[in-house]
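Below are the sequence and a predicted model for it; my questions follow.
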Amino acid sequence: MTYLSLGTNMGAREQNLARAMELLDANGIMVVRRSSVYETAPQDVLDQPWFLNMVLECRADLFPMQLISRVLRIEREMGRDRGPTVVRRGPRLIDIDVLLYGHSVIATPRLTVPHPRMFERRFVLEPLLELVPGIRDPRTKKPFADFLAAVQDQSVKKLSA
């Protein structure tokens, strides 16, 4: 299975998440299960609206580089701007991150799996563990629950089941 994280803090946030899931499906990335939606405080650039986040368990007959290409295309189609004038980790219509690709460990300039910042993000770990409670880091075999325990100070509120 592949796990993707979705986040949005601009416009009609719920609709942004729904549209991203539709576009994933239309691009050969089938959503098998989805976590609850969580409202979360921004982490790096604090002066911006709160996010809606969720994690998707997906199935796709794609190689990792094909997957990231489609994910980035979906972000662009939805209006995500990654240009040089955009504040990195600032407000965005949609953010789709590849968290895990099966048990693979991938390190390329274009894609790193497991996602390098997921271990310090409660808004990723909590919904991931909702879907797969016993999941472990494919590199260290350490339970993701251990990483979640270290980020309990981050503000995350579960909105829907």
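Received the coordinates, thanks.

which helices and strands sit right next to the least confident helix or strand in the chain by mean pLDDT?
The weakest-scoring helix or strand in the chain, judged by mean pLDDT, DSSP states H and E, is strand 156-158 (a mean of 89). On a contact count with 3 or more CB pairs under 8 Å, 6 or more residues apart in numbering; DSSP states H and E, strand 156-158 meets strand 38-40, helix 122-131. In short, each C-beta sits where N, CA and C put it, glycine included.

Show me the one of the ones you listed that comes nearest residue 146.
helix 122-131 (9.8 Å; CB to CB).

Please could you give me each C-alpha atom of the very next helix or strand once past that closest one, formatted as CSV?
On the C-terminal side of helix 122-131, the closest following helix or strand by DSSP states H and E is helix 144-149. This file holds the C-alpha atoms of helix 144-149, laid out as CSV (Å, rounded to 0.1, in the frame of the first residue of the first chain):
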residue,chain,number,x,y,z
PHE,A,144,5.2,5.1,14.5
ALA,A,145,3.4,5.4,17.8
ASP,A,146,6.8,6.2,19.4
PHE,A,147,7.2,9.1,17.1
LEU,A,148,3.6,10.3,17.8
ALA,A,149,4.3,10.3,21.5
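
buried stuff in stretch 49-60?
Buried residues in stretch 49-60, counted by 16 or more other CB atoms under 10 Å: 51, 52, 53, 54, 55, 56, 57, 58, 60.

out of those, which are inside strands?
51, 52, 53, 54, 55, 56, 57, 58 (DSSP state E).

In a helix, residue 67, correct?
Yes: looking at residue 67 with DSSP: H, G, I helix; E, B strand; the rest coil, it is inside a helix.

returning to what we had before: for the least confident helix or strand of the chain, which outside residues touch it?
36, 37, 38, 39, 40, 41, 53, 122, 123, 126 (CB atoms under 8 Å, 6 or more residues apart in numbering).

quick one, which of the helices and strands packed on strand 156-158 is nearest to residue 93?
Closest approach to residue 93 among those is made by strand 38-40 (16.1 Å; CB to CB).

Nice, that's everything, thank you.
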